[in-house]
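# Predicted model, plus sequence, below.
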Amino acid sequence: MTERQRIMKLLRGCSRGMLLDGGRKAHACTMKMGFSVDLIIHNDLIDMYGKCGELEMAHTIFDGMSEKNVVSWTSLMSSYVSQGDALASLSLFCQMGCSGIKPNEFTFSTNLKACGMIGIIKNGMQIHGLCSKAGFELIPVAGNSIIDMYSKCGRFVEAAQMFESMPFKTLISWNIMLSGYSNGGCVNEPFHLFRRMQEEEEEEQIPDEYTFVSLIKACSVRGAICEGSQIHASLIRKGLWISCRMIVANSLVDLYVKCGQLADARTLFDEIMLKNIISWTVMMAGYTQEGNLCDAMNLFDDLRKTEIEVDGFILSSLIGIIADFALVEQGKQLHSYILKLPSGLDISVANSVIDMYLKCGLLEEAKKCFDEMEMAYRSLVSWTVMISGYGKYGYGEEAIWLFEQMELNMIYPDDVAYLAVLSACSHAGLIDECRHYFSRLCMDINRIKPRVEHYACFVDLLGRGGYLEEAKNLIRSMPFEPTVEIWQTLLGACRVHKDLEMGREVGEILLRLDGDNHVNYVMLSNLYAEAGKWSECESIRNSMRRKGMKKEAGRSWIEIDKEVHFFYGGDDTHPLSEKIHTVLREMEMRMKEKAGYAYGVRFALHDIDEESKEENLRVHSEKLAIGLALARGKLEEFEVIRVFKNLRICGDCHEFIKGLSKVLRKVFLVRDATRFHRFEDGICSCKDYW
């Protein structure tokens, strides 16, 4: 073997193993040995640096070559695609077209993959046309890439046509078509294709693990637990040791999780011999979806004991769980743990931490994290999270100031940032400011198109302000069909301002648009109940019963000593239930004497006597959660009493907590479905505007 052959073998070995240090040493040897103009060695250098992620160096070598061939161009394109930069590859493809060098099947394959990555069907079709004219279309490496490109762009008819036209289909061809159908959410096609595949007699068509992964994914999309279990059983009968085949095992765990079969998912998870980060993420996501926080957190503790490096994705996912359930102490502990990890520096993780603190009612901690981020490090998401957070706390002017600061730092808002500032204006009742930003958004139509959510914010604000006709006219003027949600927003405003006539009109529209949505019936029945129209209220409720609909139950929770306690309306299952009711009655007496509190019986939406209404209001879930904190008799332990609710807080509970904050001289923070309420000394941060 010559020195030149040894260098080439070494470079290719470093490329396969992504051994950058070894590759650099081999590169130095090529210079010393006089191979500085060797075309094949330079192509190997481009490939090695590209596979090791050193794209700048790969491009430098490419630019310095006095002679280039199709392999030189294709190696650099492939390097960019492997690192996720599809546009750079397509740009090189255009430059190559001007160079006089003709592309080969691998050049076409690489750039078809690039088109699929970014979903540019127009460019993909153009490259397909060039590939066909060059005679490479039916060569498997190019044909498979054409199928893959069309599938990833959602053009399954074209993908199937290409698949059928191929005279010889490899196992890769079948797997690409199956994967395309499965990832595209196609329901029946993957199973039909698999049956055809089984009918093929060629040995090459024997399914491999990637075939089964696509089938299992299709079962997940359909929620087909029966078919998925059959595939699982078939794999076992075939002698496939699933616990050693991570990609198949992870797919099966994901299937069982998505079908709600957590016990089966956990059994299989425990059997996986070499779990990777995906295995842990899928299982934790399953517990989270079922609201099983205890098992999710225990699983995370088990993960921390392994040698697996926790990546930014799983950290962001776990922080999201804690944020949704507002687990303050666990959130603080996780943040301390994150600071010790390299992935804790990811911008996505930092943004998730800010969001977590905001959702846990810790505005100062969120602001501190945001302020500590270097200005250049802050992304549009960082700013938007803070703007949205201030808005939910009712601090509209602070949210607007942040929005302006963001623009001064040359970060331009997208539709989500506009939605955050419009929502902040809506929560704070800033009508003129909302008009200003809504107008700006509409004028910026070449860059951002207003969505129905933007209109909904403005409609909400107009409705809260009593401008019901203007709000209705705005809905009618939208450039697209009004959604159920935006009509629900207007119906809520009709209820606040007791406009029965418009409310009845909007309610009829909602029942026509979405007659199977229990929310529409509940909102309309509440409108009639507050107006004292009990016969119409009962008629709506009877319609719900006939359709088998049930109102979503109000649920509140409070965290005490790292334990989360959940309460439903009328709940008497807590061990301290009797003491909770006793202390709530005592608080009511004190508030009547000192703060003049009286039940807002109009919020008890039942046609019953006043005494029964008062009893009904006393057992609202947020009051029970607060009652638990009071029943323990250790108020000094609470700097702030934080309660969280899945629905919007009712008017009576709002008044009750206002009075309680004054009598007890304690700060209460309530996060409901739409915003935060900070109660202190008898005043709420929402200024009674929510």
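On my side now, so go ahead.
# after the host helix or strand of I400 comes which helix or strand?
When elements are assigned from DSSP states H and E, I400 belongs to helix 396-408. Per DSSP H and E, the first helix or strand lying C-terminal to helix 396-408 is helix 415-428.
# list the helices and strands that following helix packs on?
helix 380-392, helix 396-408, helix 431-443, helix 452-464 (3 or more CB pairs under 8 Å, 6 or more residues apart in numbering; DSSP states H and E). To be clear about C-beta, it is placed using only N, CA and C from the backbone, and glycine gets the same treatment.
# hey, where'd the helices end up in the stretch 51-200 of the chain?
55-64, 70-82, 86-99, 105-118, 121-133, 140-152, 156-165, 171-183, 189-199 (DSSP state H, counting those that start in this stretch).
# Show me what counts as buried in the fifth one.
If you call a residue buried by 16 or more other CB atoms under 10 Å, then helix 121-133 has these buried ones: I121, N123, G124, M125, I127, H128, L130, C131.
# now for stretch 158-172, what's the gap between its first and last residues?
For stretch 158-172, the separation between the terminal residues is 18 Å (CA to CA, to the nearest Å).
# Wait, L19 touches L10, no?
No - the pair L19 / L10 is not scored as a contact, 9.6 Å apart, by CB atoms under 8 Å.
# What ranges in this protein fall below the confidence cut-off?
For the chain, the stretches with pLDDT under 70 are 1, 201-205, 239-244, 291, 445-446, 595-618, 689-690.
# quick one, what contacts D47?
Remark: with contacts taken as CB atoms under 8 Å, 6 or more residues apart in numbering, D47 is in contact with L11, R12, S15, S75, S78, S79.
# for those, which one is nearest G651?
S79 (62.5 Å; CB to CB).
# The closest one and M48 touch, don't they?
No - S79 is beyond contact range of M48, at 9.5 Å (criterion: CB under 8 Å).
# can you put the helices and strands packed on helix 415-428 in TSV and add mean neighbour count and distance to M549?
Below are the helices and strands packed on helix 415-428 laid out as TSV (neighbours: other CB atoms under 10 Å; distance: least, CB to CB, whole Å):
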stretch	mean neighbour count	distance to M549
helix 380-392	23	29
helix 396-408	17	36
helix 431-443	16	34
helix 452-464	23	24
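# Let's have the ones you listed in CSV, adding distance to I176.
Below are those laid out as CSV (distance: least, CB to CB, whole Å):
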stretch, distance to I176
helix 380-392, 34
helix 396-408, 43
helix 431-443, 42
helix 452-464, 37
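# among these, which is nearest E655?
When the helices and strands packed on helix 415-428 are compared (using CB to CB), the closest one is helix 452-464, at 18.1 Å.
# which helices and strands does whichever helix or strand comes after the closest one pack with?
Proceeding N to C from helix 452-464, the next assigned helix or strand is helix 468-476, under DSSP H and E. Contact partners of helix 468-476 among helices and strands, from 3+ CB pairs under 8 Å, 6+ apart: helix 452-464, helix 484-496, helix 500-513.
# Select, out of those, the one closest to F194.
Here helix 484-496 is closest among the helices and strands packed on helix 468-476 (CB to CB), at 38.5 Å.
# Tell me which residues of that closest one come out buried.
I486, W487, Q488, T489, L490, L491, G492, A493, C494, R495.
# circling back to that earlier point, nearest to V157 among the helices and strands packed on helix 468-476 would be which one?
Here helix 452-464 is closest among the helices and strands packed on helix 468-476 (CB to CB), at 30.5 Å.
# Alpha carbons of the closest one, as PDB, please.
Taking C-alpha atoms only, helix 452-464 is exported to PDB below (Å, rounded to 0.1, in the frame of the first residue of the first chain):
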ATOM      1  CA  VAL A 452     -58.100  35.000  14.200                       C
ATOM      2  CA  GLU A 453     -56.400  35.000  17.600                       C
ATOM      3  CA  HIS A 454     -55.300  38.600  17.100                       C
ATOM      4  CA  TYR A 455     -58.900  39.600  16.200                       C
ATOM      5  CA  ALA A 456     -60.100  37.700  19.300                       C
ATOM      6  CA  CYS A 457     -57.800  39.800  21.600                       C
ATOM      7  CA  PHE A 458     -59.300  43.000  20.200                       C
ATOM      8  CA  VAL A 459     -62.900  41.600  20.300                       C
ATOM      9  CA  ASP A 460     -62.300  40.500  24.000                       C
ATOM     10  CA  LEU A 461     -61.100  44.000  24.900                       C
ATOM     11  CA  LEU A 462     -64.000  45.800  23.200                       C
ATOM     12  CA  GLY A 463     -66.400  43.400  24.700                       C
ATOM     13  CA  ARG A 464     -65.000  43.800  28.200                       C
END
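# Next, the residues that contact that helix from outside, please.
415, 418-419, 422-423, 425-426, 429-431, 434-435, 438, 441, 468, 470-471, 474-475, 478, 480, 482-483, 485-486, 489-490, 492-494, 496-497, 689.
# mind running it again at 6 Å?
If you take CB atoms under 6 Å, 6 or more residues apart in numbering as the criterion, helix 452-464 is touched by 419, 422-423, 426, 434, 438, 470-471, 474, 478, 483, 486, 489-490, 493.
# okay if I get the helices and strands packed on helix 468-476 as JSON lines plus distance to I354?
Putting these into JSON lines (distance: least, CB to CB, whole Å) gives the following:
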{"stretch": "helix 452-464", "distance to I354": "22"}
{"stretch": "helix 484-496", "distance to I354": "27"}
{"stretch": "helix 500-513", "distance to I354": "36"}
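# Which of the ones you listed sits closest to G633?
Checking these against G633 by CB to CB gives helix 484-496 as the closest, at 38.0 Å.
# Which strands or helices does that closest one pack on?
helix 452-464, helix 500-513 (3 or more CB pairs under 6 Å, 6 or more residues apart in numbering; DSSP states H and E).
# between the ones you listed, which one is nearest to M356?
Nearest of the helices and strands packed on helix 484-496 (CB to CB): helix 452-464, 23.1 Å.
# ok now the closest one, how far from the chain's centre?
24 Å (CA atoms, centre = their mean, to the nearest Å).
# which parts of the longest helix along the chain are buried?
Longest among the helix segments of the chain by residue count, using DSSP state H, is helix 577-594. For helix 577-594, a neighbour-count test (16+ other CB under 10 Å) marks S577, K579, I580, H581, V583, L584, M587, E588, M591 as buried.
# likewise stretch 276-290?
Applying 16+ other CB under 10 Å to stretch 276-290 flags I278, S279, W280, T281, V282, M283, M284, A285, G286, Y287, T288 as buried.
# Check stretch 36-44 too.
D38, I41, H42, N43, D44.
# likewise stretch 107-120?
Neighbour-count burial for stretch 107-120 [16+ other CB under 10 Å]: T107, F108, S109, T110, N111, L112, K113, A114, C115, G116, M117, I120.
# same deal with stretch 541-548?
R541, M544.
# who's in contact with it?
By CB under 6 Å, 6+ apart, stretch 541-548 touches Y521, S525.
# Could you do stretch 206-216 as well?
Residues contacting stretch 206-216 (CB under 6 Å, 6+ apart): N175, L178, S179, S182, F194, I231, R245, I247, V248, S251, L252, L255.
# CA-only coordinates of it in CSV, if you can.
Only the C-alpha atoms of stretch 206-216 are listed here, as CSV (Å, rounded to 0.1, in the frame of the first residue of the first chain):
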residue,chain,number,x,y,z
ILE,A,206,-38.1,-9.2,4.2
PRO,A,207,-39.1,-6.4,6.7
ASP,A,208,-36.5,-5.0,9.0
GLU,A,209,-36.8,-3.0,12.2
TYR,A,210,-37.4,0.3,10.2
THR,A,211,-40.4,-1.4,8.5
PHE,A,212,-41.9,-2.2,11.8
VAL,A,213,-41.2,1.2,13.3
SER,A,214,-43.2,2.8,10.5
LEU,A,215,-46.1,0.4,11.0
ILE,A,216,-46.1,1.0,14.8
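# List the buried residues for it?
P207, E209, Y210, T211, F212, V213, S214, L215, I216.
# CSV please, covering the residues you listed and showing secondary structure and distance to T170.
Output for the buried residues of stretch 206-216, formatted as CSV (DSSP: H, G, I helix; E, B strand; the rest coil; distance: CB to CB, whole Å):
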residue, secondary structure, distance to T170
P207, coil, 13
E209, helix, 16
Y210, helix, 12
T211, helix, 12
F212, helix, 17
V213, helix, 17
S214, helix, 15
L215, helix, 18
I216, helix, 21
